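**Student:** predicted structure and sequence below. I'll ask about it afterward.
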Amino acid sequence: MTPVPPLERAVAAAGYLPLIPAAVILFLPTYRRHLFVRFHAWQSIFLWIVFLSLTVVAMLLSNLAASSLMAFLLLGILASLGMLFLWFVLSLKAWQGERFALPFFGVLAARMR
């Protein structure tokens, strides 16, 4: 396995910022052929899409079921803390030059070439 250059590692780590930077990275001509950067950008996009979709669904459900508002609030806090931890780990792994694949998202990201 060849070491990943520092600039590619930094760009891959920046791709884990919320949705827009990863999409921009995919369209930059400089990084179109860099599989490491593309993998992390796609994994980030898939992860953020699922997280934001679940957030919207939870917000809609909390408006419908006002009696269980506290349960949705607690689940939302736990999900946000989990996403923060996952974001930190994935950014750190990309910064270290590792191709850390999540079970479902990593498989999808590897297919996107």
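**Tutor:** Nice, I can see it.

**Student:** what strand or helix carries Phe36?
**Tutor:** helix 35-64 (DSSP states H and E).

**Student:** for that helix, what does the pLDDT average out to?
**Tutor:** Over the span of helix 35-64, the pLDDT mean works out to 88.

**Student:** which of the residues in that helix are classified as buried?
**Tutor:** 36-48, 51, 62 (16 or more other CB atoms under 10 Å). All C-beta spots, glycine's among them, are computed from the backbone N, C-alpha and C.

**Student:** for the closest residue to Leu69 other than its chain neighbours, give me its contacts.
**Tutor:** Leaving aside its sequence neighbours, Leu69 sits nearest to Ser62 (CB to CB, 6 or more residues apart in numbering; 5.6 Å). Counting by CB atoms under 8 Å, 6 or more residues apart in numbering, Ser62 makes contact with 68-69, 72-73.

**Student:** need the buried ones from these selected in ChimeraX.
**Tutor:** To isolate the buried members of those in ChimeraX, using 16+ other CB under 10 Å:
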select :72
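
**Student:** would you turn the contacts of Ser62 into CSV with distance to Ser91?
**Tutor:** Formatted as CSV, those follow (distance: CB to CB, whole Å):
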residue, distance to Ser91
Ser68, 33
Leu69, 32
Phe72, 28
Leu73, 27
